[in-house]
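Student: Give me a model of this one.
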Amino acid sequence: MRAMREKFVYYVKHLNSRLFIFLKWMIFSILSGIIIGGIGTLFYFCMTYATQTRADYPWLIFFLPAAGIFIVGAYRLMHDEKDTGTNLVLSAIHSGEKIPLKMAPLIFISTVLTHLFGGSAGREGAALQLGGSIGNSLGRAFRFDEKDQHIMIMCGMSAAFSALFGTPMAAAIFSMEVVSVGIMHYSALVPCVVSALIAHGISMYFGIITEQFSITQIPDFSIKTAILIAVLAMLCAGVSTLFCITLHTSEKLYKRFFPNAYLRICVGGVLILLLTLLVGNQDYNGAGMFIIERCFKGHCVPYAFLLKILFTAVTLGAGYKGGEIVPSFFIGATFGFTFGSILGFSPELCTAVAMGAVFCGVTNCPISSLLICFELFGFEAMPYFLLSIALSYMLSGYYGLYHSQKIVYSKYKTEFINRKTH
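Tutor: Here you go, the predicted model:
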């Protein structure tokens, strides 16, 4: 009886502890989802307005260098010249570095300006910084310890990503998976899931429609089709590596030849302007979601993925703000469509598969990549997504968009390596 009584007391004690933790994270993840979901929704509408305005007034691109000078000036004014963007958010989860709240308005305004005046960048990278900054600030405001603040950062990242892109499953997992390749902090699972769902609900309430693409022709999964998709996945791993190398090399070259930040961003703006005039259209400026849609309708030039890599590297390397995730979708979509068109093998399917494979190659997040494919394209092509993402993850090596991302366990052995990406 005494032993049973002790076990019962032990169970009740730990049940109370678990209930307290559960209630704590439910409250703060809901709060995070509401606040960051609302801000993410506002950011979405501002980005949509900026994109539409530039489409209506293409001459705005001539003011891109001036917008760049304003962006650098704003960061200088706020004493945040050494901002490292998403890398700082990931570093904060690893090492406890402080994410300043001022990062949120700075990345919000500068990303909108980058898109308004024709810079080539995405939006989800900015969302991760918005969510991470606000989540970290909420954690500090409620006097959370360092480990709980890390969870709040991931919680905020999930909420912002979900509100902006409309993929709550991928958003919930991505913020946990992107930090440390090989392990995930499952302690953040409930907060990330709840905040992502709340933020998604808020964005839908205000009329944001989830991005979805239909694949009308999905061939039966066979040895032949599996081999074709495997070849595509191998090539996507190479494309994702090329994208990462080009981005990082561009940033280094800018800093080497133009140490002054004002001159650097001005030169970058002029280069984007000249490239746009040379191409003759603005297909490669902004995020380029309409080009992805065009791929699913059967229209794309074969070299589009190379031009997007160039435009994005020139933009972000110079110091303009935005993200790299939508450009990676653009690159994957256009490359996959070209591959499918050349081989006469379901260009729509190849477009979708390559989007997921390139995203996986640049982020090193296979589970998130699989989930985002399901949310964007449905489950019918599941075997193709599964195979391509697995191969891209392995063959892309240790390259990645974010230098602060850690490869905790090897991609090739059950071995602890704890190294950063190239």
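Student: Against which helices or strands is the one helix or strand Ser250 maps to packed?
Tutor: Assigned by DSSP states H and E, Ser250 belongs to helix 223-257. Packing contacts for helix 223-257, counted by 3 or more Cβ pairs under 8 Å, 6 or more residues apart in numbering; DSSP states H and E, involve helix 261-279, helix 304-318, helix 325-343, helix 347-363, helix 382-395. Using the backbone N, CA and C atoms, a C-beta is placed for each residue, glycine as well.
Student: can you give me the strands in the stretch 101-250 of the chain?
Tutor: 180-181 (DSSP state E, counting those that start in this stretch).
Student: And the contacts of stretch 372-388?
Tutor: Contacts to stretch 372-388, defined as Cβ atoms under 8 Å, 6 or more residues apart in numbering, come from residues 166-170, 174, 210-215, 218, 221, 225-226, 229-230, 232-233, 236, 349, 352-357, 359, 370, 389.
Student: one step back: quick check: angle from the helix holding Ser250 to helix 347-363?
Tutor: Angle, helix 223-257 to helix 347-363, by axes from the mean of the first three to the mean of the last three Cα atoms, to 10 degrees: 50 degrees.
Student: Could you check helix 223-257 and say which residues are buried?
Tutor: 225, 228-229, 232-237, 239-244, 246-248, 250-251, 254 (16 or more other Cβ atoms under 10 Å).
Student: can you give me the helices in the stretch 1-150 of the chain?
Tutor: Using DSSP state H, counting those that start in this stretch, the helices of the stretch 1-150 of the chain run over 2-56, 64-77, 86-95, 103-116, 124-141, 146-165.
Student: just to revisit the earlier point, most tightly packed of the helices and strands packed on helix 223-257?
Tutor: Neighbour counts (mean count of other Cβ atoms under 10 Å) averaged over each of the helices and strands packed on helix 223-257 peak at helix 347-363, with a mean of 30.
Student: Report all helices and strands that that one contacts.
Tutor: Helices and strands in packing contact with helix 347-363 are listed as helix 223-257, helix 289-296, helix 325-343, helix 366-377, helix 382-395; criterion 3+ Cβ pairs under 8 Å, 6+ apart.
Student: Ile30: which of those helices is closest?
Tutor: Of all the helices and strands packed on helix 347-363, it is helix 366-377 that lies closest to Ile30, at 22.0 Å by Cβ to Cβ.
Student: Mind listing what's buried along that closest one?
Tutor: Within helix 366-377, the residues scored as buried using 16+ other Cβ under 10 Å are 366-377.
Student: And stretch 282-298, by the same measure?
Tutor: Quick answer for stretch 282-298 (16+ other Cβ under 10 Å): 282-289, 291-292, 294-296.
Student: Out of the residues you listed, which is nearest to Ala126?
Tutor: Ala126 has its nearest neighbour among those in Ala287, at 10.7 Å by Cβ to Cβ.
Student: Please name the nearest non-neighbouring residue to that closest one.
Tutor: Once flanking residues are discounted, Ala287 sits nearest to Val326: 4.4 Å by Cβ to Cβ, 6 or more residues apart in numbering.
Student: and the angle for the lowest-mean-pLDDT helix or strand in the chain with helix 325-343?
Tutor: In the chain, the helix or strand scored least confidently by mean pLDDT, DSSP states H and E is helix 86-95, which has a mean of 79. Helix 86-95 runs at 110 degrees relative to helix 325-343, counting by the same axes, to 10 degrees.
Student: report the angle between the axes of helix 86-95 and helix 146-165?
Tutor: Using the same axes, to 10 degrees: helix 86-95 against helix 146-165 is 150 degrees.
Student: Measure how far helix 86-95 is from the centre of its chain, please.
Tutor: The chain centroid and the centroid of helix 86-95 are separated by 15 Å under Cα atoms, centre = their mean, to the nearest Å.
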